[in-house]
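Peer 1: Return a 3D structure for these sequence lines:
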Amino acid sequence: MGIRENLYSLLEKLPDNVKLVAVTKTRSEAEILDAYGTGHRLFGENKVQELMNKRDNLPSDIQWHMVGHLQSNKVKYIAPYISLIHGVDSLKLLKVINKEGVKNNRVIDCLLQIHIAEEETKFGMSEQEVHELLNSSFTQEMENARLCGLMGMATFTDNREQIRKEFRQLSGLFRKLKDEYFKDEPGFCELSMGMSSDYDIALEEGSTLIRVGSVIFGERMY
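Peer 2: Next up is the predicted model:
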């Protein structure tokens, strides 16, 4: 099947409350335009430089998500247009995002990245660090960055029960934080979990945003 058929097939499987971020890391502009031709507008990139290069040459109505690790010194390049930043993993980064939001006269939507995997290489905050961030006076008063939910990446493993356990943990934390800090904020509603290899489990555990590349575009050629 081609890119369009893959995308249509995947979208048909998704519940109405779930959004699909088509991850375009290493993909050509022609491949992205093929997916765009289905009417899909939600695309995600892992690296700021690659995102900037593609955005300049692709239709302006694409909603770009930053799904990879974001360094604070790169925020300024995407702040004018980014639709959602998935990987906020520190108060320092959140402060920079808010500052760039002020400069660009816009509110930048963000997800807090939680470390749920049993791999040290994955980024993200612990539950304690999230509480510290949410209790900080800065977070409670900031006006140009908006927290919309959580993101997490499961361990890269064939053990599907471990993946399920990690997603379930994240889903439980999401509900807990929603109840404790965001009860009256309908905008805190996104749970970004699930990639090409495990999105089916993520959906069963309550994901509202899946980040999928190879299922749509085929295996990456490095």
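Peer 1: From here on, just use CA atoms for contacts and neighbour counts.
Peer 2: Fine.
Peer 1: residue contacts, the residue nearest to the spatial centre of the chain?
Peer 2: Centroid-nearest residue in the chain, with Cα atoms, centre = their mean: His86, separated by 3.4 Å. His86 is in contact with His65, Met66, Val67, Gly68, Cys110, Leu111, Leu112, Gln113, Leu150, Met151, Ser192, counting by Cα atoms under 8 Å, 6 or more residues apart in numbering.
Peer 1: I'd say the first one and Ile82 touch.
Peer 2: Yes. Under the criterion of Cα atoms under 8 Å, His65 is in contact with Ile82, at a separation of 6.2 Å.
Peer 1: Between those two, which has more neighbouring residues?
Peer 2: His65 (25 against 19; other Cα atoms under 10 Å).
Peer 1: List the pairing partners of the helix or strand where that one lies within its sheet, with orientation.
Peer 2: Counting by DSSP states H and E, the element that carries His65 is strand 63-66. With DSSP bridges as the test, strand 63-66 is paired with strand 42-45 (parallel), strand 84-88 (parallel).
Peer 1: hey, where'd the strands end up in this protein?
Peer 2: Ranges of strands in the chain, per DSSP state E, are 19-23, 42-45, 63-66, 84-88, 108-114, 145-152, 190-192, 209-212.
Peer 1: so can I have JSON lines of those showing distance to Ser136 and mean pLDDT?
Peer 2: Formatted as JSON lines, those follow (distance: least, Cα to Cα, whole Å; pLDDT from 0 to 100):
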{"stretch": "strand 19-23", "distance to Ser136": "30", "mean pLDDT": "98"}
{"stretch": "strand 42-45", "distance to Ser136": "30", "mean pLDDT": "98"}
{"stretch": "strand 63-66", "distance to Ser136": "25", "mean pLDDT": "98"}
{"stretch": "strand 84-88", "distance to Ser136": "15", "mean pLDDT": "97"}
{"stretch": "strand 108-114", "distance to Ser136": "14", "mean pLDDT": "98"}
{"stretch": "strand 145-152", "distance to Ser136": "14", "mean pLDDT": "98"}
{"stretch": "strand 190-192", "distance to Ser136": "22", "mean pLDDT": "98"}
{"stretch": "strand 209-212", "distance to Ser136": "27", "mean pLDDT": "98"}
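Peer 1: Tally up the residues packed near Lys92, please.
Peer 2: Lys92: 11 neighbours (other Cα under 10 Å).
Peer 1: Contact partners for it?
Peer 2: Ser72.
Peer 1: where's it relative to Arg106, distance?
Peer 2: Separation of Lys92 from Arg106 (Cα to Cα, to the nearest Å): 19 Å.
Peer 1: and if you look at Ile3?
Peer 2: Distance of Ile3 to Arg106, computed by Cα to Cα: 34 Å.
Peer 1: neighbour count winner among the two?
Peer 2: Per other Cα under 10 Å, whichever of Ile3 and Arg106 has more neighbours is Ile3, with 20 against 16.
Peer 1: Test my guess that the more buried one contacts Gly213.
Peer 2: No. Counting by Cα under 8 Å, Ile3 sits too far from Gly213 to count as a contact (10.4 Å).
Peer 1: still on that earlier bit, which of the strands paired with strand 63-66 has the highest mean neighbour count?
Peer 2: Among those, strand 84-88 has the highest mean neighbour count (mean count of other Cα atoms under 10 Å), at a mean of 25.
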